[in-house]
Each structure stands twice: as C-alpha cells, then as structure tokens.
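Participant: here is the input, now give the coordinates:
(one chain, ligands or ions: 1)
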Amino acid sequence: MLVATASISLLGLAAAHVGCSGHNIARRNVGGEHNVIHDKRQVDTNNVDVAAQCAPYSYAPMANSKAKYPAIWVQPATLVAGDSEAAALFATINATVQQKVPHSNSPHGTPKGDWTGANYPTGDPDCWWTQSRCTTPAAELGIPSDITNLPEPETWGLGFDDGPNCSHNALYNFLAENNQKASMFFIGSNVIDWPVQAIRAKDDGHHICVHTWSHPYMTALTNEQVFAELYYTRQVIKEVIGVTPTCWRPPFGDVDNRVRVIAAGLNLTNVLWKNDTFDWSVGTNNVTVADVTNNYQKIITAAGQGQYATQGLTVLNHEVNNFTMQEFIDQYPSIKGAFKHIVPISAAMNWTHPYVEQNYTFQDFNAYIGSPDAASASGGASGTAAGAGASSAAKSSDKPKSAAGVLRPAGAVLAGALAAALLL
Ligand SMILES: [Zn+2]
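Facilitator: Predicted coordinates for the structure are as follows:
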C-alpha cells in the first residue's frame, strides 16, 4: 500500500473545504417529539417569523413511525434491528459491491472526515472525489458517473442542500413568487424533525433528492452504514412526503466507487456540483458575508464572459441557515441577469419521472423554460406566496454561532486534522 504523497495530501486538504465538503453538521433545527400533536400545518406558509416556524411540534402521521428508523442525528445510521426488508435489500446490494469493487480500500477515514493515518494509492483506484475530484469511474467498472455539468448552456442548475430547515418559508415563498423550482437535497433526520416543512417542498413542486440520514463522510462508513444512510432517508421521504427519490448528493462530496455502487443499488443518481457558493462557510476561517457574495459574483461574472456558453453547471446552495437562504434571495436577480435559465436538476437533466412513483410527471428542460408549472403535476397545492422577506438567524441549533448570528460549521477543525494526517 502506498502512502499518500504530499501533492495528493494538499489536494485532499483543499477539497475538504468545498461546500458541503467543508462543514460537519451536528443536529440543528432541533424540533419534533414534543407534547402537542398537530395536524398537517404547523404554521401557514405565509408566516415568515423564525420563532413561529421553528416551534417544535409533532406530526401525527409520524408519531408511531420513528421506531422504524435509526435514531436521528446519530452518526452513522445502521440497519434497524428486525428490519428484514432492509437487510435483504442490503444483502443483495452488498453482493454487487463485492463483485464490482472487491479491491476497494474503503472506508477511508472517519464519519467526521478525519483521515489521520489514511493511506491511499496515488493512482486513485476508487475514483475518490474528496482526494482527486474524480467524477467518472473507469468505464469497465460499469459504475455511474456523477453529475456536475449540465447539458444545456448558460443554465444554472439550482439545488439547496441540508433541508428541510424549519424557517424556510421566506425562501420557499420567494421561489414561489418567482415561479422558480429547485432540487431539494433533504437530510433524513431533518425530515423527521420537520415533516411539515418537507411536505411543503413537494406541494410547491420542487424536486426532492436524498442527502443522507446524518450527514457523515460516506467513504468512512461500512457498506451497511452507507446503505442505511441512504435507504432510511429515502424511506422517510416516501413516508412523509409520498415520493421515492432517485437522486442523491453526498455530504462534503465524499464519494468513491464503493459508495456509488451502493447508491446505484438504491436507484439513486449522484448529483455533485460544479461550482460552490461557499455560502455555508461564513464565520469559518474569517470568511465574511462579503466573501460569499463575491463567490456568487465570480460565477455570475464568468457567465457574462461566456464560460458557460456550451454547457450549464450545478451550483451548491444551502438551506442550512437563514443567511444562506437570504443570500440566495439577494443574489437571484444577478443570477437571472447573467444566466439564460435557472432550473431544477430534474429539468436540466430532462428527468420527467424523477420518482419511483410514475404518476408524478415533471417538466423537461424545454417545457420548464417555456412555462414552469405552478405546482407539481400530481396536483399538490402551490404554496401561498406571501410575506417573503428577510429572515433572521435560526432559533434553534447546537452549532456555535458567529458574532453575526450565523451558524458556524466546523471546517477549521477538519482542516487541522487533515493537515496533521496527510502532511506528515
Ligand atoms: Zn450537506
């Protein structure tokens, strides 16, 4: 086994700061499991008061279902005892993993991204994105590639990670007012905590994908843990929202061939990203709001200079806190001025049936840019588009906060760990 070289170590270090690859997410938006069981609506969609939106509630249809799922925000998820259906499916997928990537060196590190002592061959046999930004496994392996670029030029593929956020009404109202759809990459633990907010995404006609159960570094996990992180998130989205996603995004972008095979076994296409707004990073390593605005503007300027004249791009945005959501609202006019189209990944990829349930039909690219649907084709009610406005800092979180009240990820800690691990 080869020891990582200094150059590879530096690349790995840099990659650790990329978007969802830069922050460890502990439990946030803490909610659920409280005294009052409400019917579907916690607060009206036109209520943008953060405290009101984030008041904990229990959702009656889910009250007796939690035993079917792993504990929320416990890394990593594992198979639930007695879940024979999940165990059988895992056994099948695991057999495929052994067949396709028996050489794999994974797991690579820890669920929190500590690669202390990690050794990895310089040839990148596992197409490990975190190390090499590899998105295309060797063709002979028959493993699906990741989505980063989009086929349509001058097109911004819009997606938000880490939701549902309890206080997302202002963002979702803004999207509805602008008849703008997005792809929402939901965390299973957040769906448990905030089911009503998750349902709104479908009601508003957004495209829903999986973003794991507890937001770990996926290449650090065993095959069973990778499976459980994806499987139970897919399951809870089905139970709460009523649809079964066919796409996912790895937290921190941390994916390799082994993880890809397991995801593919669950019929989940990996949507990575081409550009990152780094909106999550305010408060880490002295990153300021102005820095994030500048990141947006760099992408926008590049579009004006013709950089996306032949293809579109996926861009990483977050629903993780009120700053990231408000910053998108503020930047939206500039994005719209620079790009011909802003579309959800479903439209960008012409996925007209993005769920297992074939009775949900989404618009392809041409239909979407012609006239976006007001809501999902399944007849879900469109959100009431009123009262969008500035949102303030999130009410509930166990994350440390910066002076500006913005949730602060733990990327700096990770960087130090990587430096110690890989530069030796
Ligand atoms: Zn994320």
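
Participant: where does the stretch 101-250 of the chain have low pLDDT?
Facilitator: By pLDDT under 70, the low-scoring segments of the stretch 101-250 of the chain are 105-106.

Participant: next to the ion, which bits of it? Give me the list.
Facilitator: Within reach of the ion by CB under 5 Å from the ion, the stretch 101-250 of the chain has these residues: 161-162. (C-beta placed from N, C-alpha, C; glycine too.)

Participant: now do the helices in the stretch 101-250 of the chain.
Facilitator: Under the criterion DSSP state H, counting those that start in this stretch, helices of the stretch 101-250 of the chain are mapped to 129-132, 169-177, 188-193, 195-203, 223-241.

Participant: can I get the CA coordinates of the fourth one in PDB?
Facilitator: Right, helix 195-203. The C-alpha coordinates for helix 195-203 follow below in PDB (Å, rounded to 0.1, in the frame of the first residue of the first chain):
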ATOM      1  CA  PRO A 195     -42.000  16.900   8.300                       C
ATOM      2  CA  VAL A 196     -44.400  19.700   7.500                       C
ATOM      3  CA  GLN A 197     -41.600  21.700   6.100                       C
ATOM      4  CA  ALA A 198     -40.600  18.700   4.000                       C
ATOM      5  CA  ILE A 199     -44.100  18.300   2.700                       C
ATOM      6  CA  ARG A 200     -44.100  21.900   1.500                       C
ATOM      7  CA  ALA A 201     -41.300  21.200  -0.900                       C
ATOM      8  CA  LYS A 202     -43.400  18.700  -2.700                       C
ATOM      9  CA  ASP A 203     -46.500  20.900  -2.500                       C
END
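
Participant: same for it, what does it pack against?
Facilitator: Other helices and strands packing on helix 195-203, by 3 or more CB pairs under 8 Å, 6 or more residues apart in numbering; DSSP states H and E, are strand 155-163, strand 183-186, strand 207-210, helix 223-241.

Participant: rewinding a little: which of the helices of the stretch 101-250 of the chain sits most buried?
Facilitator: Comparing these by mean neighbour count (mean count of other CB atoms under 10 Å), helix 188-193 comes out on top with a mean of 29.

Participant: starting at the chain centroid, how far to that helix?
Facilitator: Relative to the chain's own centre, helix 188-193 is displaced by 13 Å; criterion: CA atoms, centre = their mean, to the nearest Å.

Participant: just to revisit the earlier point, among the helices and strands packed on helix 195-203, which is nearest residue 277?
Facilitator: strand 155-163 (10.8 Å; CB to CB).

Participant: what's the angle from the closest one to helix 195-203?
Facilitator: Strand 155-163 runs at 160 degrees relative to helix 195-203, counting by axes from the mean of the first three to the mean of the last three CA atoms, to 10 degrees.

Participant: just the strands from the protein, written as ranges.
Facilitator: 37-38, 58-59, 149-150, 155-163, 183-186, 207-210, 247-248, 269-270, 275-276, 312-318, 341-344 (DSSP state E).

Participant: what is the mean pLDDT for the last one?
Facilitator: Throughout strand 341-344, pLDDT has a mean value of 98.

Participant: relative to that strand, what are the paired strands and their orientations?
Facilitator: Strand pairing for strand 341-344, using DSSP bridges, gives strand 155-163 (parallel).

Participant: buried ones in the strand it pairs with, by neighbour count?
Facilitator: Buried residues in strand 155-163, counted by 16 or more other CB atoms under 10 Å: 155-163.

Participant: how about that strand as PDB, C-alpha atoms only?
Facilitator: Once non-C-alpha atoms are left out, strand 155-163 reads as follows in PDB (Å, rounded to 0.1, in the frame of the first residue of the first chain):
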ATOM      1  CA  THR A 155     -28.000  27.200 -17.300                       C
ATOM      2  CA  TRP A 156     -27.700  27.400 -13.500                       C
ATOM      3  CA  GLY A 157     -28.800  24.100 -12.000                       C
ATOM      4  CA  LEU A 158     -30.500  25.100  -8.800                       C
ATOM      5  CA  GLY A 159     -30.400  23.000  -5.700                       C
ATOM      6  CA  PHE A 160     -30.400  23.500  -1.900                       C
ATOM      7  CA  ASP A 161     -28.700  21.100   0.500                       C
ATOM      8  CA  ASP A 162     -29.300  20.200   4.100                       C
ATOM      9  CA  GLY A 163     -33.100  20.900   4.400                       C
END
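
Participant: what's the distance between residue 86 and the ion?
Facilitator: 23 Å (CB to the ion, to the nearest Å).

Participant: is it true that that residue touches residue 70?
Facilitator: No: the pair formed by residue 86 and residue 70 falls short of the contact definition of CB atoms under 8 Å, at 10.3 Å.

Participant: list the residues that contact both of these two?
Facilitator: 80, 228, 232 (CB atoms under 8 Å, 6 or more residues apart in numbering).

Participant: returning to that earlier point: what about residue 86 and residue 70, which has more around it?
Facilitator: Neighbours were counted for residue 86 and for residue 70 using other CB atoms under 10 Å; residue 70 has more, 26 against 18.

Participant: might you report the residue contacts of the residue lying closest to the more buried one once chain neighbours are set aside?
Facilitator: Distance criterion CB to CB, 6 or more residues apart in numbering; nearest residue to residue 70, sequence neighbours excluded, is residue 77 at 4.0 Å. Residue 77 makes contact with 70, 188, 212-214, 225, 228-229, 232, according to CB under 8 Å, 6+ apart.
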